[in-house]
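Student: Give me the fold of what follows.
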Amino acid sequence: MTGADPRAGPLRSSRGQAILARLDAYERLVRLDKPIGILLLLWPTLAALWIAARGAPTWTQVLVFTMGTVLMRSAGCAINDWADRAFDPHVQRTAQRPLASGEVTAAEAVLVAAVLAFCAFLMVLATNPTTILLSLPAVVIAGVYPFFKRFFALPQAFLGIAFSFGIPMAFAAVFDEVPAIAWWMLAANLFWVIAYDTEYAMVDRDDDVRLGLRTSAIAFGRFDVAAVMLCYAVYLGAMVGVGLARHLGALYYAGLVAAAGCALWHGWLIRGRDRMRCFAAFLHNHWLGFAVFAGVAADFAWRLGAWPRGW
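Tutor: Down below sits the predicted model:
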């Protein structure tokens, strides 16, 4: 009778640790450890869904757009790191990302992005033909954005389209078409994205100049703070127009006032262009987006007693 191999236990343990380390690297590749990007995508998408459904979206619609946001943002992070694999090792903030540090290969990053994007597409199949058709340009826009910083002076504007495309898709999911108000909201949201992503770009400005990349922080130059505040003002002004067009009430405008307070706080933080304070302003933007969504949801709940059907 032979005894158990004494090496079996340590081998199983090392394999388990290797698997956990690989999963951890994938988690960091798609930024699940940093959910700020998910929230910045989610709040305007849910606000659009609530407005389109007049405060009563279905469980399916909420689930599809919540999970779709998580999946597509994660896929976008993976493809972004693949596109920037020659630059990230030379940027202080990104040098330790899994692909830049060699924990994950370029092929793995592309495969992860493809799998996540396919899963997001499967979620969209639960909607309707118009929403499914809109998902195709949404994937293309998300995939080509990382390359715009090579030649386009304001890549943040293109990112604004990518980060706002959930808005017309939400309206399409409700109406099986995209009304004009959806494109108005997309255009408004684009200015918010330019504002917060310029704050983000202000963190990396020195590294981006050295590497020859283009960002709005570089393009705006010494007018960067003024440009950020102007973009906030355009966004909030346009959202006032949305409220008037959809006959929203006091709670909606209270949410916009709270969002304006957030914007003023961000202006105070970035005025000295300190890296860490600019990054703090960027991170705080999810509260601005939440304030707008909370105003939309609260206004419909108060006036119509409308929660998602089945809640």
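
Student: Longest helix in this structure, please.
Tutor: Of all segments of type helix in the chain, defined using DSSP state H, the longest is helix 275-304.

Student: Now do the strands in the stretch 101-250 of the chain.
Tutor: In the stretch 101-250 of the chain, no strands are defined using DSSP state E, counting those that start in this stretch.

Student: you'd agree residue 95 is up against residue 101?
Tutor: Yes: assessed by CB atoms under 8 Å, residue 95 is found in contact with residue 101 at 7.1 Å. Heads up, the C-betas are built off the backbone N, CA and C, glycines and all.

Student: Common neighbours of the two, please.
Tutor: residue 89 (CB atoms under 8 Å, 6 or more residues apart in numbering).

Student: if we can go back for a sec, next, the buried residues of the longest helix of the chain.
Tutor: 277-300, 303 (16 or more other CB atoms under 10 Å).

Student: now stretch 210-221
Tutor: Applying 16+ other CB under 10 Å to stretch 210-221 flags 213-220 as buried.

Student: So which of those belong to helices?
Tutor: 216-220.

Student: What average pLDDT does stretch 142-160 get?
Tutor: Here stretch 142-160 scores 77 as its mean pLDDT.

Student: what residues does it touch?
Tutor: Against stretch 142-160 from outside (CB under 8 Å, 6+ apart): 72, 75-76, 79-80, 82-84, 117, 141, 162, 189-194, 197-198, 201, 208, 213-216, 219.

Student: That one: end-to-end distance?
Tutor: 10 Å (CA to CA, to the nearest Å).

Student: which parts of that stretch are buried?
Tutor: Quick answer for stretch 142-160 (16+ other CB under 10 Å): 142-143, 145-146, 148-149, 154-160.

Student: Could you export those as TSV, including distance to residue 271?
Tutor: Shown next, in TSV, are the buried residues of stretch 142-160 (distance: CB to CB, whole Å):
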residue	distance to residue 271
142	32
143	36
145	29
146	30
148	28
149	25
154	22
155	24
156	20
157	23
158	27
159	24
160	23
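
Student: Need the max-distance pair from those residues.
Tutor: 143 and 154 (18.9 Å; CB to CB).

Student: one step back: want to throw the ones in helices among the buried residues of stretch 210-221 into JSON lines with distance to residue 135 and pLDDT?
Tutor: Shown next, in JSON lines, are those (distance: CB to CB, whole Å; pLDDT from 0 to 100):
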{"residue": "216", "distance to residue 135": "27", "pLDDT": "84"}
{"residue": "217", "distance to residue 135": "31", "pLDDT": "83"}
{"residue": "218", "distance to residue 135": "33", "pLDDT": "87"}
{"residue": "219", "distance to residue 135": "31", "pLDDT": "85"}
{"residue": "220", "distance to residue 135": "33", "pLDDT": "88"}
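
Student: So which of those is the closest to residue 252?
Tutor: Within those, proximity to residue 252 (CB to CB) peaks at residue 216, which comes in at 29.1 Å.

Student: ok, that closest one to residue 223 distance?
Tutor: For residue 216, the distance to residue 223 equals 11 Å [CB to CB, to the nearest Å].

Student: just residue 99 next, same as before
Tutor: Where residue 223 is concerned, residue 99 sits at a distance of 34 Å (CB to CB).

Student: Repeat that for residue 70.
Tutor: As defined by CB to CB, residue 70 lies at a distance of 35 Å from residue 223.

Student: Which one's more surrounded, these two?
Tutor: residue 70 (21 against 10; other CB atoms under 10 Å).
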